[in-house]
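Asks: requesting a structural model of the entry that follows:
(chains A and B)
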Protein chains: 2
Amino acid sequence: MLATLSLNSLAQGGGFVSPEVHPDKKVTFRFNARDAKEVKLNTQLLAEPQLMIKDDKGIWSLTIGPVKPDIYPYCFVVDGIQVPDPSNIYIFENERFKNSLVDIPGDEPLIHSMQDVPHGTVSYRYYKSKTLSTTRQLVVYTPPAYDNGKNEKYPVLYLIHGASDTEETWFKVGRVNLILDNLIAQGKAKPMIIVMPYANTAPATGNAFTNDLLNDIIPFTEQNYRVLADRTQRAVAGFSRGGGQTLNAGLLNVDKFAWIGAFAPASNNADFEKQFTEKTLSPEVMNNQLKLLMITSGKEDFLYERVTQFVDILNKNKVKHETFFPSGGHTWMNCKLFISTFAPLLFK
Amino acid sequence: MLATLSLNSLAQGGGFVSPEVHPDKKVTFRFNARDAKEVKLNTQLLAEPQLMIKDDKGIWSLTIGPVKPDIYPYCFVVDGIQVPDPSNIYIFENERFKNSLVDIPGDEPLIHSMQDVPHGTVSYRYYKSKTLSTTRQLVVYTPPAYDNGKNEKYPVLYLIHGASDTEETWFKVGRVNLILDNLIAQGKAKPMIIVMPYANTAPATGNAFTNDLLNDIIPFTEQNYRVLADRTQRAVAGFSRGGGQTLNAGLLNVDKFAWIGAFAPASNNADFEKQFTEKTLSPEVMNNQLKLLMITSGKEDFLYERVTQFVDILNKNKVKHETFFPSGGHTWMNCKLFISTFAPLLFK
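Replies: Numbering: from 1, shown residues only, chains lettered A, B, ... in the order given. A predicted model of the protein is given here:
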């Protein structure tokens, strides 16, 4: 039966390449659907889905670009139904959608590109969460030198995905391992361990993620890895909902984290405002304890206004922080830019 | 734009669960496609794709079973186009198709189920292949005791996927890590390292995979892991095309491998017959050196006849071997059964 499925799919694939990245950085997308009435390309490269054109063999295609080198999600919309590219192994897995990924290389290697440098290891581990009463998977990056036999200890960044992403997204879509390999090889980032948990705690609510992080994930990490278990050697960062979770976990626990990065955070601004008013959050303690509080967002991000409102709250309460507001939307292209900007500042 | 994609997909997902596994082991599949003319469920659980039924909200559904507990691939066929389940994170990534996976738990935990036992680690590594002039990813399972601080050395199984699969398939679809965790906890398998390379060497041909394995993958493994680097502590096994690659790499190199498992192998029978005739393959050497040569296939596998022809060649040349021919087709359900049967025999 698998053979049948494969043969169907091979026929469906039609023996062509998709996506095809041309030397001039134009990209051709192809999809075989003889009987479809309409096939569109939906991608963050385009402002809106664009109609593809069918040839006499039933293969729909569209060439766009030249495209700015980066990794972009896309899918085909076939008579209204979103379909990842069957010809492309690189998929953006997600709890709500399945997109494919196209990687446009730069003329010079990009910070997330595979380069001829020492590579760290990405490990899938299981930990028991007492908080969530289950065993969960998490993903751990250890830097190239971790296995050099010197048994050195390393600082740790806890790095959280966005809503509907998973513990794999920073690795598979964000390429955080290659980014760190390159930053470390260039002497721009300190070697560090990066722990990437699965942060969807539904149906548990309230402080479930903070509790899972503090009481389960950090102890598991410190028991199983050679870790500098000190607040000055511990960072937390996250994107979107994970940015909100980062602020919740980090700002109320500056005795645990000295470095905080909130990337396009879905922050609960009213809640933070209340905590400053009620003095459960103390600007003095935060300014004394935090070595870095960085808030980022793309200027075209749909959360940009909310993020700037959060920054206003920090300013009003005289909480020291850095901001980084490049162009771009609520995308994993910007996530790679955020982590590439944040990681070099850590543990220095 | 990602937000837009997400919202589109959430709308497409429609707020329902798919697949829904019921306590009686029936399974309901659901897909939102108001404007589709026909949606079918295509799965190895069914002899042929079966029509789903649309409700007044445009959600197509179908309940099947009760189903024998196992993990099954499936997709939806929407007006002729194969679509993985957008509501389901568990995907069977493949170079030619994208299926989703549904996991039907047993009344008692199955050998591939997450159980309350010590867990090994699955690591993604990069190695330089001189053979293929590139840097490639491979996946490595280390057993639970590997990191216990005792610095013991372990035997290694090199485990190869089928055509159009990838280096991730034995982990993500075959659950080989959980199978070994459970077998080791039950005292049924020796703790071992399992190295899972990417075996598609196209466009390189000939002995490219054997050369990559012998000259690049094994040296990388033995330099980076605590390995018993002895032929009696080295096994190779593979499924389908990977079974053929296993026989090619293993039978001509019994000085390197004492344990060989060919699971539904796409073997080049004429070639092996010729090698026995020309005495490049020696039954005496093979019988002297090999501790186990196991050939498996499902009886309904489309390669079953080819596999039994290969077994006939072994019999004709008096090469000692074991066979295991359960029911079932050319499926990853059977792959899990094959590795669960083969692994306990290794390194004893």
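Asks: what about the residue lying closest to A:Val307 once chain neighbours are set aside, distance to B:Phe324?
Replies: The shortest distance from A:Val307 to any non-neighbouring residue, by CB to CB, 6 or more residues apart in numbering or on different chains, is to A:Ser297 (4.1 Å). Just so you know, the C-beta spots here come from the backbone N, C-alpha and C atoms, and that holds for glycine as well. For A:Ser297, the distance to B:Phe324 (CB to CB, to the nearest Å) stands at 57 Å.
Asks: so for the two, which residue has more residues nearby?
Replies: Neighbour count, other CB atoms under 10 Å in any protein chain shown: between A:Ser297 and B:Phe324, A:Ser297 has more, with 29 against 16.
Asks: what sits against that one?
Replies: Counting by CB atoms under 8 Å, 6 or more residues apart in numbering or on different chains, A:Ser297 touches A:Phe263, A:Ala264, A:Pro265, A:Leu303, A:Tyr304, A:Val307, A:Thr308, A:Phe325.
Asks: out of those residues, list just those in strands.
Replies: Counting by DSSP state E, the contacts of A:Ser297 place A:Phe263 in strands.
Asks: give me the buried subset of the contacts of A:Ser297.
Replies: For the contacts of A:Ser297, a burial check counting by 16 or more other CB atoms under 10 Å in any protein chain shown picks out A:Phe263, A:Ala264, A:Pro265, A:Leu303, A:Tyr304, A:Val307, A:Phe325.
Asks: against B:His321, how distant is the fifth one?
Replies: Translated: A:Tyr304. The gap separating A:Tyr304 from B:His321 is 66 Å, by CB to CB.
Asks: what does the fourth one give?
Replies: Distance from A:Leu303 to B:His321, counting by CB to CB: 62 Å.
Asks: in chain A, which spans are helices?
Replies: In chain A, the helices defined using DSSP state H lie at A:2-13, A:169-172, A:176-185, A:208-212, A:218-224, A:241-251, A:269-277, A:283-289, A:304-316, A:332-342.
Asks: distance between the last one and the chain's centre?
Replies: Here helix A:332-342 shows a centroid-to-chain-centroid distance of 8 Å under the convention CA atoms, centre = their mean, to the nearest Å.
Asks: apart from its neighbours in sequence, what residue is nearest A:Ala185?
Replies: A:Val117 (3.6 Å).
Asks: ok now do that neighbour, which residues does it touch?
Replies: A:Pro144, A:Asp181, A:Asn182, A:Ile184, A:Ala185.
Asks: please tell me how far A:Asn177 sits from chain B.
Replies: 8 Å (CB to the nearest CB, to the nearest Å).
Asks: and if you look at A:Arg34?
Replies: Relative to chain B, and taking CB to the nearest CB, A:Arg34 is found at 8 Å.
Asks: quick one: that residue and A:Asp55 touch, right?
Replies: No: applying CB atoms under 8 Å, one finds A:Arg34 not in contact with A:Asp55, separated by 10.1 Å.
Asks: quick one, which of those two is more surrounded?
Replies: Each of A:Arg34 and A:Asp55 has its neighbours counted (other CB under 10 Å); A:Arg34 has more, 13 against 9.
Asks: give me the nearest residue to the more buried one, chain neighbours excluded.
Replies: With CB to CB, 6+ apart, the residue lying closest to A:Arg34 is A:Gly58, at 2.8 Å.
Asks: burial of the one you found, as a residue count?
Replies: 13.
Asks: what of the one 3 residues further on?
Replies: A count of nearby residues for A:Ser61, using other CB under 10 Å, gives 18.
Asks: quick revisit: winner for burial among the helices of chain A?
Replies: Counting by mean count of other CB atoms under 10 Å in any protein chain shown, helix A:241-251 has the highest mean neighbour count of those, with a mean of 26.
Asks: around chain B, which positions in the stretch 101-250 of chain A sit nearby?
Replies: A:114, A:116, A:119, A:121-126, A:135, A:147, A:163-164, A:166, A:171, A:177, A:224 (CB under 8 Å from any CB of the partner chain).
Asks: of those residues, grab the buried ones for PyMOL.
Replies: Selecting the buried subset of those in PyMOL, with 16+ other CB under 10 Å as the burial test, is done by:
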select buried, chain A and resi 114+119+121+122+123+124+125+126+163+164+166+171+177
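Asks: for chain B, see how far away the closest residue to A:Leu228 other than its chain neighbours is.
Replies: Nearest residue to A:Leu228, sequence neighbours excluded (CB to CB, 6+ apart): A:Lys153, at 4.8 Å. A:Lys153 sits 15 Å away from chain B, taking CB to the nearest CB as the criterion.
Asks: what is the burial count for A:Lys153?
Replies: 14.
Asks: test my guess that it contacts A:Thr221.
Replies: No: contact criterion CB under 8 Å: A:Lys153 and A:Thr221 do not qualify, at 12.0 Å.
Asks: tell me the centre residue of chain A?
Replies: Nearest to the geometric centre of chain A sits A:Trp170, at 3.8 Å (CA atoms, centre = their mean).
Asks: with that, I have no additional questions.
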